[in-house]
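Participant: Would you be able to build a 3D model of this:
(chains A, B, C and D)
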Protein chains: 2
Amino acid sequence: MPNGAGGPRERYRAQVRAEIKHAALEQIATGGAGAVALTGIAKRLGVSGPALYKYFGSRDELLTELILDAYGDVATVVAAAAEAAGDAPARARLHALAAAYRDWALAHPQSYLLLTGPPSPTYQAPPETVDRARAVLGPFLTVLAEGRPGPGAAALRAQLARWAETTPAVATWVGAFAPAADPGDALTGAVTAWARLHGVVGLATVGLLNGMGFDPGTLLAAEIDALADSYGLP
Amino acid sequence: MPNGAGGPRERYRAQVRAEIKHAALEQIATGGAGAVALTGIAKRLGVSGPALYKYFGSRDELLTELILDAYGDVATVVAAAAEAAGDAPARARLHALAAAYRDWALAHPQSYLLLTGPPSPTYQAPPETVDRARAVLGPFLTVLAEGRPGPGAAALRAQLARWAETTPAVATWVGAFAPAADPGDALTGAVTAWARLHGVVGLATVGLLNGMGFDPGTLLAAEIDALADSYGLP
DNA sequence: CGCGTTGGTTACAAACTATAACCACGGTTA
DNA sequence: TAACCGTGGTTATAGTTTGTAACCAACGCG
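Facilitator: Here you go, the predicted model:
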């Protein structure tokens, strides 16, 4: 029964795995997900070639773990922002969450691309990613549950309410982050916020906003403010 | 001076280039941009290997051309929607433009990913893409020039107005699509619409919206409607 | 103190991009 | 009409990449 520390072999194994992931993250930061080459990592680590296959079964397995780590990072950052925002007005808290998301993404653009783009043709996203994504969106659920969607979102709200009714996992998820709220309202807000975040951040990380004479943060702030308006957040 | 038809050599060359691009698009449709393998295309075309280098200098050069073609396709589709919408109310026209964009993206998700994601580490986006992107956004400029941004977008509007003032190409662009409008207002609307489009469509094409119990089109409609609201479009 | 798991190596297969050298056909032109 | 040379095609080759296979050494555990 391996405890947290484990034997010395396991400790070494964990450390080497961490080093591999660290080197892979450097590759990603410079060249994107496609630049993660196992041989390159091996060279950088001083070992050679197939040794890495003792630690990761394949390149995709390594990428999967990096993706899950990245999701965890952004979830942590967003949760910390929610914590730090304390009991500020809902609109201010929403802006804080969005800023945390944006800052993380713009600080690690290639990692964000890792989350939002299929890195390799053979890669298949693991199912755990949906749980991680829900963890990221949780705080938004909490904040937006304090408002109500406008009439234009009625159709969306109906679909999401039905989703929450028919899928227990979703109901427990929204229950965990917005206990007293109407699930349809909260989900509508979170999904909309997600789309607006990705709209700005996705374009920015890909570089399509470069040279357009405005700051992505300004655009995102406007988008989030409009969302707060239509939700009637104070 | 090559006329439209050109000599027989040029005709043949153009046809083979088109066949290569067609095969590449099939590869993209199934496996994404990373799946474009020159050897695979060569096999499919019955020729072998390096023959393709007589038509495209490199894999990236082929991808570049595909990207420019895809931008052209989107621009055409959106322009056609603007044409078809005729003189309907501005809100209806905006929805028509957004639907055209969404339909194209969801019909060719991998091509959309080609536009919005760096396919390979070595790839460098060509400068023509910005012109193409502006052509796509043009009709949005026209429609949204009929409204005015809300107070929450004041900072963004100021930055974009300054951009239009300092960059002649931008001024002529907005002048072509929204002659009588205030550039800051029109640009704010187009950029915001672009972000909302990409927010929904980007998430959908990557598959992150799968299994979430709602239709991306519904979300996008709500987003566009909210945009029309804050712009005061009839 | 030895035994076996674990980590590491080299060798190899397969796929890919890209270059080089070379051949054959066919359109253009004298 | 006939030579020419440019174009498209070939094979051979170099260099990377992901993986697998076989083998070796060493370290930790009982």
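Participant: Without its sequence neighbours, what residue ends up closest to residue A:100?
Facilitator: The spatially closest residue to residue A:100, leaving aside those adjacent along the chain, is residue A:81, at 3.6 Å (C-beta to C-beta, 6 or more residues apart in numbering or on different chains). Using the backbone N, CA and C atoms, a C-beta is placed for each residue, glycine as well.
Participant: And for the closest residue to residue A:202 other than its chain neighbours, the neighbour number?
Facilitator: Residue nearest to residue A:202 in three dimensions, not counting chain neighbours: residue B:202, with 4.9 Å by C-beta to C-beta, 6+ apart. Neighbour count for residue B:202, taken as other C-beta atoms under 10 Å in any protein chain shown: 26.
Participant: re earlier: verify the stated contact: the residue nearest to residue A:100 with residue A:102.
Facilitator: No. Look at residue A:81 against residue A:102 with C-beta atoms under 8 Å: they stay out of range, at 10.6 Å.
Participant: re earlier: before we move on, what SS does the residue nearest to residue A:202 have?
Facilitator: helix (DSSP: H, G, I helix; E, B strand; the rest coil).
Participant: ok, it touching residue A:199?
Facilitator: Yes. Using C-beta under 8 Å, residue B:202 is in contact with residue A:199, at 7.1 Å.
Participant: Is it correct that residue A:188 is in contact with residue A:155?
Facilitator: No. Residue A:188 is not in contact with residue A:155 according to C-beta under 8 Å; the separation is 10.1 Å.
Participant: Could you list every helix and strand that the host helix or strand of residue A:163 packs against?
Facilitator: Using DSSP states H and E, residue A:163 sits within helix A:154-166. Other elements packing on helix A:154-166 under the criterion 3 or more C-beta pairs under 8 Å, 6 or more residues apart in numbering or on different chains; DSSP states H and E are helix A:168-177, helix A:183-206, helix B:216-231.
Participant: Tell me which of those approaches residue A:44 most closely.
Facilitator: Between residue A:44 and those, the shortest separation by C-beta to C-beta is 24.8 Å, and it involves helix A:183-206.
Participant: With just CA atoms, put that closest one into CSV.
Facilitator: What follows is helix A:183-206, C-alpha atoms only, in CSV (Å, rounded to 0.1, in the frame of the first residue of the first chain):
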residue,chain,number,x,y,z
PRO,A,183,-29.8,25.3,-12.3
GLY,A,184,-31.0,26.6,-15.6
ASP,A,185,-30.1,30.2,-14.7
ALA,A,186,-26.7,29.3,-13.3
LEU,A,187,-25.7,27.1,-16.2
THR,A,188,-26.8,29.6,-18.7
GLY,A,189,-24.6,32.2,-17.1
ALA,A,190,-21.6,29.9,-16.7
VAL,A,191,-21.7,28.7,-20.3
THR,A,192,-22.1,32.2,-21.6
ALA,A,193,-19.2,33.4,-19.6
TRP,A,194,-17.1,30.5,-20.8
ALA,A,195,-17.9,31.3,-24.4
ARG,A,196,-17.1,35.0,-23.9
LEU,A,197,-13.8,34.1,-22.2
HIS,A,198,-12.8,31.8,-24.9
GLY,A,199,-13.9,34.2,-27.6
VAL,A,200,-11.4,36.8,-26.5
VAL,A,201,-8.7,34.6,-25.1
GLY,A,202,-8.8,32.1,-27.9
LEU,A,203,-8.3,34.7,-30.5
ALA,A,204,-5.6,36.4,-28.5
THR,A,205,-3.6,33.2,-27.8
VAL,A,206,-3.7,32.3,-31.5
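Participant: Tell me what angle it forms with helix A:154-166.
Facilitator: 110 degrees (axes from the mean of the first three to the mean of the last three C-alpha atoms, to 10 degrees).
Participant: quick one: helix A:183-206 to chain centroid distance?
Facilitator: Computed by C-alpha atoms, centre = their mean, to the nearest Å, the chain-centroid distance of helix A:183-206 equals 11 Å.
Participant: Need the mean per-residue confidence for that helix.
Facilitator: Regarding helix A:183-206, the rounded mean pLDDT is 97.
Participant: who touches the residue nearest the centre of chain A in this structure?
Facilitator: Nearest residue to the geometric centre of chain A (C-alpha atoms, centre = their mean): residue A:71, 4.3 Å. Contact analysis of residue A:71 by C-beta atoms under 8 Å, 6 or more residues apart in numbering or on different chains lists A:115, A:129, A:132, A:133, A:135, A:136.
Participant: Which one (most neighbours) among the residues you listed?
Facilitator: residue A:115 (27 neighbours).
Participant: Could you pull up the residues touching that residue?
Facilitator: Here residue A:115 is in contact with A:67, A:70, A:71, A:74 (criterion: C-beta under 8 Å, 6+ apart).
Participant: Would you reformat those residues as a markdown table and include distance to DNA strand D, secondary structure and pLDDT?
Facilitator: A markdown table is the format used below for the contacts of residue A:115 (distance: C-beta to the nearest atom of the strand, whole Å; DSSP: H, G, I helix; E, B strand; the rest coil; pLDDT from 0 to 100):
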| residue | distance to DNA strand D | secondary structure | pLDDT |
| --- | --- | --- | --- |
| A:67 | 15 | helix | 95 |
| A:70 | 19 | helix | 97 |
| A:71 | 22 | helix | 97 |
| A:74 | 25 | helix | 98 |
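Participant: Now residue A:201. Nearest residue, chain neighbours left out?
Facilitator: residue A:105 (4.4 Å).
Participant: What is the burial count for that neighbour?
Facilitator: Here the number of neighbours of residue A:105 (other C-beta under 10 Å) works out to 24.
Participant: Just the element for it, please.
Facilitator: In this assignment (DSSP H and E), residue A:105 forms part of helix A:90-107.
Participant: Only C-alpha atoms, please: export that helix in PDB.
Facilitator: Taking Å, rounded to 0.1, in the frame of the first residue of the first chain, the C-alpha atoms of helix A:90-107 are listed here in PDB:
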ATOM      1  CA  ALA A  90     -21.000  40.100  -7.900                       C
ATOM      2  CA  ARG A  91     -19.900  42.200 -10.800                       C
ATOM      3  CA  ALA A  92     -16.500  42.800  -9.300                       C
ATOM      4  CA  ARG A  93     -16.100  39.100  -8.500                       C
ATOM      5  CA  LEU A  94     -17.000  38.200 -12.100                       C
ATOM      6  CA  HIS A  95     -14.400  40.500 -13.400                       C
ATOM      7  CA  ALA A  96     -11.900  39.100 -11.000                       C
ATOM      8  CA  LEU A  97     -12.600  35.500 -12.200                       C
ATOM      9  CA  ALA A  98     -12.400  36.600 -15.800                       C
ATOM     10  CA  ALA A  99      -9.100  38.400 -15.200                       C
ATOM     11  CA  ALA A 100      -7.600  35.300 -13.600                       C
ATOM     12  CA  TYR A 101      -8.600  33.200 -16.500                       C
ATOM     13  CA  ARG A 102      -7.300  35.700 -19.000                       C
ATOM     14  CA  ASP A 103      -4.000  36.200 -17.100                       C
ATOM     15  CA  TRP A 104      -3.300  32.500 -17.000                       C
ATOM     16  CA  ALA A 105      -4.100  32.000 -20.600                       C
ATOM     17  CA  LEU A 106      -2.000  35.000 -21.800                       C
ATOM     18  CA  ALA A 107       0.900  34.000 -19.600                       C
END
